[in-house]
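# Need coordinates for the below:
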Amino acid sequence: MSRETIRKITPVGTIDAVVRVPPSKSYTNRALIVTALADGASKLVDASNSDDSEYLIRALRQFGVTIERNHDGVGVQGTSGKISAPSEEVFVGNAGTAMRFLTTFASLAEGISIVTGDEQMQRRPLGDLLEALHAAGIKSSSNNGCPPVKIHGGNFTGGRVDIRGSVSSQFVSSILLSSPYAKHPVTLCVQKKLISLPYVDMTLHVMRSFGAKVDAFDSSVFAVSNADRYVGQTFRIEGDATCATYFLAAAAILQGRAVISNLSGDSLQGDLKFLPVLAEMGCRITHHGESVELQGGKLFGVEVDMNEMPDCVPTLAVIAAFAKGPTTILNIAHLRFKETDRIRALAKELSKIGAQVDVFDEGITIHPGNLRGATIETYNDHRMAMSFAVAGLRIAGIGIENPTCVSKSFPNFWEVFGKIENKD
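Numbers count the residues shown, from 1 in each chain. Reported below is the predicted structural model:
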């Protein structure tokens, strides 16, 4: 590994920072699908420019959607649900939301659409989604349930659709987002426990904001009308709660202060629930209208179910290494199917810096130890890179391999992070 591909982190004594985080990738990608199908033009103000969102924009253009990015957001000319199958294969890199959302979206296009991704994406399972779509009249083929996936479009009949909710909530969101354009109303029935429920709530918020009618029953049955379709409008994208966790974590481990200037306590983003976890560990949280403030304190280990905020698990795992006593993170088996097997990756890299890690079927326990510097392998996983960068603010000798992988969700992360390190 060459020096140029390792980002050395500079330790600091403490921090007192005000940070504006990038727009929510999750909200942006949901809104892109909705506006692409809507009747009329839409403007997404402060839309994410993450790699994942850019992959989705390029893909939607292949389906015949007119999208233009300018200085303050993204303009989308809706298609009223009349999209065209791409003439060439659609490539989405390792953008999970793009792959999952486009799989159902493609079913609305007459003809055959092929959606694929990079080597990592081609190992991420889609079988439950494809099986559910088959019940809705959509024929498909794949590589043993993984991309590339070939969708035979024009046959989204709707009706009752059963889907397992235990692998990814994105499967549920994928079907919901395109359901207003099915031939018949859709009743989506989630089998087994639905993981990451707040992300489905976010999906429903976007759908309803653009005029769709969705009734939800006990978070397991969703009835979507095909008579109330999306209508174009202006929609502002709020700050990304997951991106905020890295700077909140920095304040936590340094007993410093961080203010996230563009994150409201009223947000529907599930990762806002990370704030009470930090409070339980010993931090003080204050909400100020459209911003949130964290004052770090002495940290204590916790036992916490992170099923609803899996993207915060790497951040919490790193914070846990600096706490007094063990931290057990429960109900996260689905992290094995993220950009990498995050449970295995976290265990390996935390061990490198001196923590003891116990791994079990549904979670992980971190025991703090005598921490030391190490070069962190990121597995091309943006959340591994950003989480372990935080550790380097207290531990000398932390280096992050493949630092550019952060562009997947936070393209200017190192610029913002550098200000905390006092690097101009």
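# is it true that A98 lies in a helix?
Yes: checked against DSSP: H, G, I helix; E, B strand; the rest coil, A98 lies within a helix.
# could you say which helix or strand contains the residue of the chain positioned farthest from its centre?
What lies farthest from the middle of the chain is N370; by C-alpha atoms, centre = their mean that is 32.1 Å. Secondary structure assignment for N370, by DSSP states H and E: no helix or strand.
# Also S53?
Going by DSSP H and E, S53 is part of helix 51-62.
# thought S140 was touching N155?
No: S140 lies out of contact with N155 (C-beta atoms under 8 Å); the separation is 10.2 Å. Every residue, glycine included, has its C-beta placed from N, CA and C.
# which of these two has more neighbours?
S140 (20 against 16; other C-beta atoms under 10 Å).
# what about the closest residue to the residue farthest from the centre of the chain other than its chain neighbours, distance to G397?
Using C-beta to C-beta, 6 or more residues apart in numbering and skipping residues adjacent in sequence, the residue nearest N370 is G354, 5.2 Å away. Using C-beta to C-beta, to the nearest Å, one obtains 11 Å as the distance from G354 to G397.
# Overlap in contacts, these two.
R372 (C-beta atoms under 8 Å, 6 or more residues apart in numbering).
# in stretch 200-207, what counts as buried?
Along stretch 200-207, these residues count as buried under the neighbour rule (16 or more other C-beta atoms under 10 Å): 200-204, 206-207.
# need the residues you listed in CSV with distance to D311, can you?
As requested, these are exported to CSV (distance: C-beta to C-beta, whole Å):
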residue, distance to D311
V200, 15
D201, 15
M202, 13
T203, 16
L204, 19
V206, 18
M207, 21
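# Name all residues that make contact with F417.
Applying C-beta under 8 Å, 6+ apart, the residues contacting F417 are 246, 386, 389.
# The buried residues of stretch 200-207 in helices, which ones?
Among the buried residues of stretch 200-207, DSSP state H puts 200-204, 206-207 in helices.
# Can you tell me which of those is nearest V92?
Nearest to V92 among these, counting by C-beta to C-beta, is T203 at 18.5 Å.
# In contact with that closest one, which residues?
30, 172-173, 176-177.
# I'd guessed A252 sits against E280; true?
No: at 11.5 Å, A252 does not count as touching E280 under the criterion of C-beta under 8 Å.
# Looking at these two, which is more packed in?
Relative neighbour count places A252 above the other of A252 and E280, with 27 against 13, counting by other C-beta under 10 Å.
# List the contacts of C243.
21-22, 409-410, 413.
# T157 contacts K183, correct?
Yes: T157 lies in contact with K183 (C-beta under 8 Å); the separation is 5.0 Å.
# any common contacting residues for those two?
G137.
# Tell me where the stretch 301-424 of the chain has strands.
Assigned by DSSP state E, counting those that start in this stretch, the strands in the stretch 301-424 of the chain fall at 303-305, 327-330, 356-360, 363-367, 375-376, 399-401.
# how far does the fifth one sit from the chain's center?
So the one you mean is strand 375-376. 24 Å (C-alpha atoms, centre = their mean, to the nearest Å).
# what residues does that strand touch?
The contact list for strand 375-376, computed with C-beta under 8 Å, 6+ apart, reads 1, 6, 349, 352-353, 384-385, 388, 398-401.
# So which residues of the stretch 1-150 of the chain form strands?
6-8, 16-19, 41-45, 66-70, 73-77, 90-91, 111-116, 139-143, 146-153.
# packing partners for the longest one?
In other words, strand 146-153. Judged by 3 or more C-beta pairs under 8 Å, 6 or more residues apart in numbering; DSSP states H and E, the packing partners of strand 146-153 are helix 96-105, strand 111-116, strand 139-143.
# repeat for the third one
Using 3+ C-beta pairs under 8 Å, 6+ apart as the contact criterion, the secondary-structure elements in contact with strand 41-45 are helix 25-37, strand 73-77, strand 234-236.
# Equivalent analysis for the second one, please.
In this structure, strand 16-19 packs against helix 241-253, strand 257-260, helix 413-420, with contacts taken as 3+ C-beta pairs under 8 Å, 6+ apart.
# State the mean pLDDT of stretch 176-187.
Computed over stretch 176-187, the mean pLDDT rounds to 97.
# Could you do stretch 253-261 as well?
97.
# Same question for stretch 139-152.
96.
# now the helices for the stretch 301-424 of the chain?
313-320, 342-352, 382-391, 413-420 (DSSP state H, counting those that start in this stretch).
# For the last one, list every residue counted as buried.
Buried residues in helix 413-420, counting neighbours by 16+ other C-beta under 10 Å, are found at 413-414, 416-417, 420.
# Over to stretch 352-372?
Result for stretch 352-372 [16+ other C-beta under 10 Å]: buried residues 352-353, 355, 357, 363-368, 371.
# Please apply the same query to stretch 44-55.
44, 46-55.
# Equivalent analysis for stretch 293-302, please.
293-296, 299, 301-302.
# thinking again about what came up before, just tell me which of the helices and strands packed on strand 16-19 ends up closest to A317.
helix 241-253 (10.2 Å).
# Distance to K192 and pLDDT added to the contacts of C243, as a markdown table?
Below are the contacts of C243 laid out as a markdown table (distance: C-beta to C-beta, whole Å; pLDDT from 0 to 100):
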| residue | distance to K192 | pLDDT |
| --- | --- | --- |
| V21 | 33 | 96 |
| P22 | 33 | 95 |
| S409 | 28 | 93 |
| F410 | 32 | 96 |
| F413 | 35 | 97 |
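# so which of those residues comes closest to L188?
S409 (27.1 Å).
# Tally up the residues packed near the closest one, please.
S409 is flanked by 24 other residues according to other C-beta under 10 Å.
# That one: what's it in contact with?
22, 25, 48, 50-52, 240, 242-243, 382-383.
# can you check S225 too?
So S225 contacts 180, 185, 212-214 (C-beta under 8 Å, 6+ apart).
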